[in-house]
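1. pasting a predicted model and its sequence here:
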Number of protein chains: 2
Amino acid sequence: MRRIGDAAIEILADLGLRGLTHRAVDAAAGLPPGSTSNLARSRAALLELALARLTELEDEHFGELLTRPLPADRQEAMIELLAVSTCKMIGPDRRRSIARYELALEATRRPELRAVYDDIGRRYREPTVAMFAAAGTSDPARQGRQLVAFTEGLLFDAVVGAGGTPTLDDLRAAFTEYLSAVFRDASPT
Amino acid sequence: MRRIGDAAIEILADLGLRGLTHRAVDAAAGLPPGSTSNLARSRAALLELALARLTELEDEHFGELLTRPLPADRQEAMIELLAVSTCKMIGPDRRRSIARYELALEATRRPELRAVYDDIGRRYREPTVAMFAAAGTSDPARQGRQLVAFTEGLLFDAVVGAGGTPTLDDLRAAFTEYLSAVFRDASPT
């Protein structure tokens, strides 16, 4: 399962959705023909399997971070967490990010995949909103959503767009600037 | 040419890169078989044609805005321009945005397409950087790039991601917050 998911992610990154077939996954995973079909009969099931494996991989990195309570200086801690994670997704995990974008685009055409993708999105958005609410910022729901969007934009621009590759310091500066505006009128409750 | 480009954009939005073939474009454009091949022989040429047409369509909207000098209150004018444009790309132009993302992903695998895509990106980034420089913000090159990335992120999250659809007021609030941080220490030169 893990091996098939990993192979599907590699194919999505290298060849896009066009290259993702059950047979190609068998070959890339070094498994006998039919193995992928046994596990995920339809194309929809194969896409969900790839997304599930991507989520598992992201959880290894983010899961603990997201549930750990932030230290007293929330703003500093968030800046560092966001800058370091984004740097990782741009650099060593670049191909995983491309695979996720492929699945996100396909989700615009497949409601079942959409539902799975949105559930995953919520797992990042909700802790961010909760953190802003705890800090007493002016509009936590909007600000939490927009911080996730800002992060997504920096990542997209670096991985897929024309923005070039920001350094860790560029990312620190970006999040410092953005969070300073959000936290300016915050009054912790 | 325009008709073929428009049909290619529709196909990219509805079916993704998998669905984009010369034959499918002929059919969608209501042209005799072979018309698209005559105009764009290879797949690479067809992708570039679609991107060129997308750029032409965006220019109809943005071209004038980007070259027009901003009024005295730069910050207010930018907020309105960004909020209204993003709202348009999320709403009426949503399918064009999806087609552009398809091409951006494919550009990670095709250096020629990458070059075209990056040229287009520069046309948005450079005026933004110039505007921040004129306003005397602290790091115009980084801030210009990051404003484009922020816009891209809000757009991506609304069109393809899990963020839901922000209202025009949400977008105004987002850009007001972000630009207030960038302009805070600005000293016009």
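-> Perfect, thanks for sending it.

2. now do the buried residues in the lowest-mean-pLDDT helix or strand in chain A.
-> Every helix and strand in chain A was compared by mean pLDDT, DSSP states H and E; the lowest is helix A:43-67, with a mean of 85. Buried residues in helix A:43-67, counted by 16 or more other C-beta atoms under 10 Å in any protein chain shown: A:46-51, A:53-55, A:57-58, A:62. C-betas here are computed from N, CA, C, even on glycine.

3. just give me the closest of the residues you listed to B:Ile98.
-> Within those, the smallest distance to B:Ile98 is 16.8 Å, found for A:Leu47 (C-beta to C-beta).

4. who's in contact with the nearest residue to that closest one once chain neighbours are set aside?
-> Using C-beta to C-beta, 6 or more residues apart in numbering or on different chains and skipping residues adjacent in sequence, the residue nearest A:Leu47 is A:Leu113, 5.5 Å away. Going by C-beta atoms under 8 Å, 6 or more residues apart in numbering or on different chains, A:Leu113 touches A:44, A:47-48, A:51, A:103, A:106-107.

5. now do 10 Å
-> Listed by C-beta atoms under 10 Å, 6 or more residues apart in numbering or on different chains, the contact partners of A:Leu113 are A:44, A:47-48, A:50-51, A:103-104, A:106-107.

6. same question, A:Ser180
-> Contacts of A:Ser180 (C-beta under 10 Å, 6+ apart): A:75, A:79, B:177, B:180-181, B:184.

7. where does pLDDT dip in chain A?
-> Applying pLDDT under 70 to chain A flags residues A:63-72, A:188-189.

8. measure the residue in it positioned nearest to chain B to A:Tyr178 for me?
-> Residue nearest to chain B within chain A: A:Gly153 (2.1 Å; C-beta to the nearest C-beta). Relative to A:Tyr178, A:Gly153 is positioned 11 Å away (C-beta to C-beta, to the nearest Å).

9. again with A:Asp185
-> Distance check for A:Asp185 against A:Tyr178: by C-beta to C-beta, it reads 14 Å.

10. which of the two has more neighbours?
-> Taking other C-beta atoms under 10 Å in any protein chain shown, A:Asp185 and A:Tyr178 do not tie; A:Tyr178 has more neighbours (24 against 10).

11. got the angle between the strand or helix carrying that one and helix B:168-183?
-> If you go by DSSP states H and E, A:Tyr178 is part of helix A:168-183. Counting by axes from the mean of the first three to the mean of the last three C-alpha atoms, to 10 degrees, helix A:168-183 lies at 120 degrees to helix B:168-183.

12. could you check how far helix A:168-183 is from the centre of its chain?
-> 19 Å (C-alpha atoms, centre = their mean, to the nearest Å).

13. and for stretch A:166-185?
-> Using C-alpha atoms, centre = their mean, the offset of stretch A:166-185 from its chain centre is 19 Å.
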